[in-house]
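>>> All I have is the shape, not the residue letters:
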């Protein structure tokens, strides 16, 4: 059983490594991801948003919807902790 | 539950440091336009200052200064600020979270309106993150069982 698992995982690993052959080089300026919207952000952020920090502008303005989702996730985590853990003193009295 | 520390050195250092930590948190939030930082990082620092107050001065003191209901209210307010700014843009005729529409009510050009919008949502994010950090630490440190309220 262990040998079968090893063979299966090695085949899957070989396929995954084969899949990375088509990927662009690390930091390649001609990769599709660097050609689509990145130049526009780098060229126009200063004039469009008056914000020198491109990271902040992309995070909060161009991708604002994404950041809203992140904030909701963090808020939900906090509220879930409150709802699961917090007990009022009524509970304490009932217990003794 | 965490009780107040007996050590005067720990309490004094914490009391001196908490305002500076909070000031630094505000700096990180407000300076996010020009340097690394922003709502998430600043909110975590703000939450950490309250956690420091809690572990040095104990739960009772912390609760007297920052009631846990207020923390939850602040977190909800942060999310409301964020989505409210987005909704305001929608009502002014733009897309959701298109801050350039805010130039009508802020009386600045659209580029600066977007900078203002970014600042507004960073503040909202900071409130929400601070509330999450604080309330999680409150609840785990007390086991979630709050002491009797004085009535």
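Happy to help now that I have it. No experiment lies behind these values; they were computed from the predicted model shown.
>>> Buried residues in the least confident helix or strand in chain B by mean pLDDT, which are they?
Of the helices and strands making up chain B, the lowest-confidence element is helix B:103-106, at a mean of 88, by mean pLDDT, DSSP states H and E. If you call a residue buried by 16 or more other C-beta atoms under 10 Å in any protein chain shown, then helix B:103-106 has these buried ones: residue B:103. Where C-beta positions appear, they are placed from N, C-alpha and C, glycine not excepted.
>>> what about that helix, near chain A?
No - against chain A, helix B:103-106 shows no contacts by C-beta under 8 Å from any C-beta of the partner chain, the least distance being 11.2 Å.
>>> elements contacting that helix?
Here helix B:103-106 touches helix B:110-142, going by 3 or more C-beta pairs under 8 Å, 6 or more residues apart in numbering or on different chains; DSSP states H and E.
>>> Which strand or helix spans the residue nearest the centre of chain A?
Note on chain A: the residue nearest the mean C-alpha position is residue A:70, at 8.8 Å, using C-alpha atoms, centre = their mean. Using DSSP states H and E, residue A:70 falls within helix A:64-85.
>>> List the contacts of that helix.
Here helix A:64-85 makes contact (C-beta atoms under 8 Å, 6 or more residues apart in numbering or on different chains) with A:59-60, B:39-40, B:72, B:75-76, B:78-79, B:82-83, B:86, B:96-97, B:99, B:121, B:124-125, B:128-129, B:131-133, B:135-136, B:139-140, B:143-144.
>>> Now a ChimeraX select for only the buried ones of those.
For the buried members of the contacts of helix A:64-85, the matching ChimeraX selection, counting by 16+ other C-beta under 10 Å, is:
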select /A:59,60 /B:39,40,72,75,78,79,82,83,86,97,99,121,124,125,128,129,131,132,133,135,136,139,144
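>>> gap between the least confident helix or strand of chain B and the chain center?
26 Å (C-alpha atoms, centre = their mean, to the nearest Å).
>>> Tell me the buried residues in stretch B:45-62?
For stretch B:45-62, using 16+ other C-beta under 10 Å, the buried residues are B:45-59, B:62.
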